[in-house]
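Engineer: show me the folded form of this:
(4 chains)
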2 protein chains.
Amino acid sequence: MTSLDEVARRAEVSAATASRALSGRGRLADATRARVQRAAADLGYVASSAASTLATGRTRSIGVLVPLVDKWFFAQVLDGIATRLAPLGYDITLYNATDDALQRRQLFQTSLRRGRVDAVILLSLALSAGEIADLRSLGLPLIGLGARDLELATLRVDDVAVGRRATAHLLELGHRRIAHIGQTLPGDAGGDVPTLRHRGYSEALAHAGLEPAGFATADFTIEGGYRAARALLDRPERPTAMFAASDELAFGVLFAARELGLDVPRDLSVIGVDGHDMSGFFGLTTIEQFPRAQGAAAADAALAALGEPAPPAATPAAAATPATLPFALVVRTSTASPAAPE
Amino acid sequence: MTSLDEVARRAEVSAATASRALSGRGRLADATRARVQRAAADLGYVASSAASTLATGRTRSIGVLVPLVDKWFFAQVLDGIATRLAPLGYDITLYNATDDALQRRQLFQTSLRRGRVDAVILLSLALSAGEIADLRSLGLPLIGLGARDLELATLRVDDVAVGRRATAHLLELGHRRIAHIGQTLPGDAGGDVPTLRHRGYSEALAHAGLEPAGFATADFTIEGGYRAARALLDRPERPTAMFAASDELAFGVLFAARELGLDVPRDLSVIGVDGHDMSGFFGLTTIEQFPRAQGAAAADAALAALGEPAPPAATPAAAATPATLPFALVVRTSTASPAAPE
DNA sequence: CTGAAAGCGCTTACAG
DNA sequence: CTGAAAGCGCTTACAG
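Structural biologist: Numbers count the residues shown, from 1 in each chain, chains lettered A, B, ... in the order given. Next up is the predicted model:
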């Protein structure tokens, strides 16, 4: 790769001047600048990232900490981040937080400390207190997206409201036996997303003077939804409606219903959360939450924290107040009034 | 962040010795080494990536060039790569190759030239000749996974064989009117994956002395498969079986069939390619291709090219000859003999 | 407006 | 076995 020195020599200036001409910082004659830029273009010069970083302390790279890349939601968010960052010349360094304790230690105590990124975006991670301390000690801007730790949650959907809205939709249709599939943390779990959705569900039911008609814990996969639904539907007093805390869980519910010979929505109404690509095909009623826009918003928050000028092409969603991300009920064919109103 | 100097001072040695103690290179007294390591641990020292890179020319980061992160297949591969690289202390820098010409130019001519990575893994990308030249000029190991350009395709599934196997399965069941949904490039398209699968399909039919019963082009999404299937099924001589070049396309076919009131597999047999997470729920017969293992194999190939010792926990799949990645037919309930054999 | 020089934090021959 | 010194390729006060 060509170095700054070669460019400087070709343009017959010092390396200092060449650097200024290329970075745009500092005053210099237009003719000089043009000459240097010409030389750089001719040689295909691009500044070495390592050298720039060492000299300036800036990496022009953003770290993204993801639980699992192979989940629809995170892939969407990641795509939103990438789309926003690329035009600004920021790279993405991907940090995969697995469940393996050893690898996790290495991630938080070594990888992240190598100084490879200017800021870190955290995607809905359950972090231990020690890990949060590790992150804090980096001295970098931290942008949490649905992070469990409330202090890190710079950006989030109001998930209690999501749970309430989903449940209210079922109540409005006349359902009285409404079950829930999701997850809940014991005690004061702070900002855990599934726990908040569950709380919204409970609140809406309480408001209507009803008792929950079943709750099952599941990991957020189709398989998990399927199993949970099988368990909940295999009861004497079967629920007439089910609120699944994610679309993938809801897909599992639909597969379970089909297997049990239940017609959706006649025998069972189902609502999810996410706005998954496939939800339209399944006719699934859901609470959309625009994960791509969430990624863009997280990227914008990171850039803002780094003092970058606001990107020109900011989408409306991303331009919204960072603290509150939008969601919207999308009604399809998986929900209807219960067949035999009680 | 603490610097090497601080560690050296605390251990009462020179920076040079501290560096040696921590890197394990060069001979030095056990006691000295221990003292330095102690000091480093006490201070939570981690070497600055930029400084190491500048001094050694190695970044300990691998670039991954992806077309779109939000597709199941690529997310799987990425996960496989990450899982393999993390324990070795290699980071992943994500490069998103969009369709936007400007961003693409910036990616190939600037981002990748910043010297941030030691090698680049290319995931099934259609690259222009100029882009391939750009990549070559980096002077880095390039690992192609299903790359269209044959010279870059260090790793690949035999996609002609995949197409043949899928079609043969339908033939063995007695089907004679077999349609295909995929894509094909004109002329000698080299190593384009969809084109190769199509070729396998054609070969299998020709071998059986049959004509194709319809072919439709679609982008590799559920939506694309749905539309293509609608077009193919809306004909007088409806095919009795359909080979979709991906599981997502096949899901689209299933949705279309359902909408048309066609029973699968009685009225229509469907086979896909991938082994998508959801294929089991759909009862979809498919050719599995283990994308996670493909990612691991690509990571291994990159590490090997960099002279890293073979990772200890190499999975059987990844340990296989790099040139040929495995695939396997998985028969489920979406394929059966045609209802009325002709 | 431009250049010489120091410095960012490592690593690695080269001496001893 | 260990240290002093140079160098990796930039950037940025500091002079002029």
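
Engineer: okay, buried residues for stretch A:298-310 please.
Structural biologist: In terms of neighbour count (16 or more other C-beta atoms under 10 Å in any protein chain shown), stretch A:298-310 has its buried residues at A:298-304. For every residue, glycine as well, the C-beta is placed using N, CA and C.

Engineer: which ones among those lie within helices?
Structural biologist: If you go by DSSP state H, those have A:298-304 in helices.

Engineer: between these, which is nearest DNA strand C?
Structural biologist: A:Ala302 (22.6 Å; C-beta to the nearest atom of the strand).

Engineer: just give the closest residue to the closest one, not the sequence neighbours.
Structural biologist: If you skip the residues right next to it in sequence, A:Ala302 has A:Ala119 as its closest partner in space, 4.4 Å away by C-beta to C-beta, 6 or more residues apart in numbering or on different chains.

Engineer: now that neighbour: how far from A:Tyr90?
Structural biologist: To A:Tyr90, A:Ala119 is 9 Å away according to C-beta to C-beta, to the nearest Å.

Engineer: ok, now A:Arg27?
Structural biologist: For A:Arg27, the distance to A:Tyr90 - C-beta to C-beta - is 27 Å.

Engineer: in terms of neighbours, single out the busier of the two.
Structural biologist: Using other C-beta atoms under 10 Å in any protein chain shown, the more surrounded residue of A:Arg27 and A:Tyr90 is A:Tyr90, with 23 against 6.

Engineer: which helix or which strand is home to the residue nearest in space to the middle of chain A?
Structural biologist: Nearest to the mean C-alpha position of chain A, by C-alpha atoms, centre = their mean, lies A:Val77 at 4.5 Å. Using DSSP states H and E, A:Val77 maps to helix A:72-85.

Engineer: contacting residues around that helix?
Structural biologist: Residues from elsewhere that reach helix A:72-85, judged by C-beta atoms under 8 Å, 6 or more residues apart in numbering or on different chains: A:62, A:64, A:66-69, A:91-92, A:94, A:121, A:123-124, A:145, A:246, A:248, A:274, A:276-277, A:291-300, A:303, A:311, A:318, B:68-72, B:75, B:94, B:96, B:98.

Engineer: check the residues you listed one by one and keep those near DNA strand D.
Structural biologist: With the criterion set as C-beta under 7 Å from any atom of the strand, no member of these is near DNA strand D.

Engineer: so which bits of the stretch 51-200 of chain A are right by DNA strand D?
Structural biologist: Counting by C-beta under 7 Å from any atom of the strand, the stretch 51-200 of chain A sits next to DNA strand D at A:51-52, A:54-56.

Engineer: now, of those, which are buried?
Structural biologist: A:51-52, A:54.

Engineer: so which of those comes closest to DNA strand C?
Structural biologist: A:Leu54 (3.7 Å).

Engineer: ok, now which ones touch the closest one?
Structural biologist: B:48, B:50-51, B:54.

Engineer: try 10 Å this time
Structural biologist: A:Leu54 makes contact with A:48, A:115, B:48-55, according to C-beta atoms under 10 Å, 6 or more residues apart in numbering or on different chains.
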